[in-house]
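# What would the 3D arrangement of this be:
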Amino acid sequence: MKILIDARFYGLENAGLGRYTMNLIDQLQKLDRQNQYIIFLRKKYYDSEKFENNFQKVLCDIPHYSVPEQFELPKLIKAHNPDLTHFLHFNVPLNFDGTFIVTIHDMTMHNAKADSSNLFLPLYFIKKFAYKKVFKHAVVKAHKVLVPSQFVKDELVENFKVEKYKQSLSFERKIKVTYEGI
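Down below sits the predicted model:
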């Protein structure tokens, strides 16, 4: 199987997302020598990181949460023709139509209020609208949703109680708790 990992958060400057990305790739290299992996990396880590033979690095210096992410990233993914793409954060491009899984770490931004931001109010609401649209797309269209705790799973189920999901338990079933290491 050819698995593409959007590892653009790789690196400790990206806090928890960066650490999660680094540890996931490190452990996959130890555990899986059979599947083929394509790892999208930003320029900062592209030259310095060395991976196992079944891991191929691809330079992908597309900024997170950007317009190019929405339009250029799907084209780059399609050019590599993966069987499965793993997005390590909710920022799945809206026009991405391949099979994917997504990791949702928390729903902090979902519950944020306008008074917790220092953005100009109209800009805050535009960004919040875009965030919610991209987030919903990620969790609804994903083949599987990985979460780090039962609490986050419960939050997702509560926030996405759409009638069509109630009739079919497929939404809740596709959310998998995968506890992160210590």
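# what comes into contact with stretch 31-41?
Residues outside stretch 31-41 that contact it (C-beta atoms under 8 Å, 6 or more residues apart in numbering) are 1-8, 10, 25, 28, 49, 51-52, 54-60, 76, 80, 82. (Glycine included, C-beta is placed from N, CA and C.)
# let's see 7 Å
For stretch 31-41, the external contacting residues (C-beta atoms under 7 Å, 6 or more residues apart in numbering) are 1-8, 10, 25, 28, 49, 51, 54-60, 80, 82.
# Just the buried subset of those residues, written out for PyMOL, thanks.
In PyMOL, a selection of the buried entries from the contacts of stretch 31-41 looks like this (16 or more other C-beta atoms under 10 Å):
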select buried, resi 3+4+5+6+7+8+10+25+28+49+55+57+60+82
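# Go through the contacts of stretch 31-41 and flag which are in helices.
Mapping the contacts of stretch 31-41 onto helices (DSSP state H) picks out 25, 28, 80.
# Which elements pack onto the longest helix seen in the chain?
Counting residues, the longest helix found in the chain (DSSP H) is helix 121-141. Applying 3 or more C-beta pairs under 7 Å, 6 or more residues apart in numbering; DSSP states H and E, we find helix 121-141 packed against no helix or strand.
# Which positions within that helix qualify as buried?
Of the residues in helix 121-141, 124, 128, 131, 134-139 count as buried by neighbour count, 16+ other C-beta under 10 Å.
# for the next helix or strand after that helix, packing partners?
Using DSSP states H and E, the helix or strand that follows helix 121-141 in sequence is strand 144-147. Applying 3+ C-beta pairs under 7 Å, 6+ apart, one finds that strand 144-147 contacts strand 100-103, helix 150-159, strand 175-177.
# about what we covered before: what is the orientation angle of the longest helix of the chain with helix 150-159?
100 degrees (axes from the mean of the first three to the mean of the last three C-alpha atoms, to 10 degrees).
# Show the average pLDDT along helix 121-141.
Here helix 121-141 scores 85 as its mean pLDDT.
# Would you indicate which residues of whichever strand or helix holds K44 are buried?
Assigned by DSSP H and E, K44 falls within helix 43-46. By neighbour count with 16+ other C-beta under 10 Å, helix 43-46 contains the buried residues 45-46.
# Likewise for stretch 81-98?
Residues 82, 84-94, 96, 98 are the ones in stretch 81-98 that count as buried (16+ other C-beta under 10 Å).
# Need the contact partners of that stretch.
Counting by C-beta under 7 Å, 6+ apart, 1-7, 9, 17, 20-21, 38, 64-65, 69-70, 73-74, 77, 99-104, 134-135, 137-138 sit against stretch 81-98.
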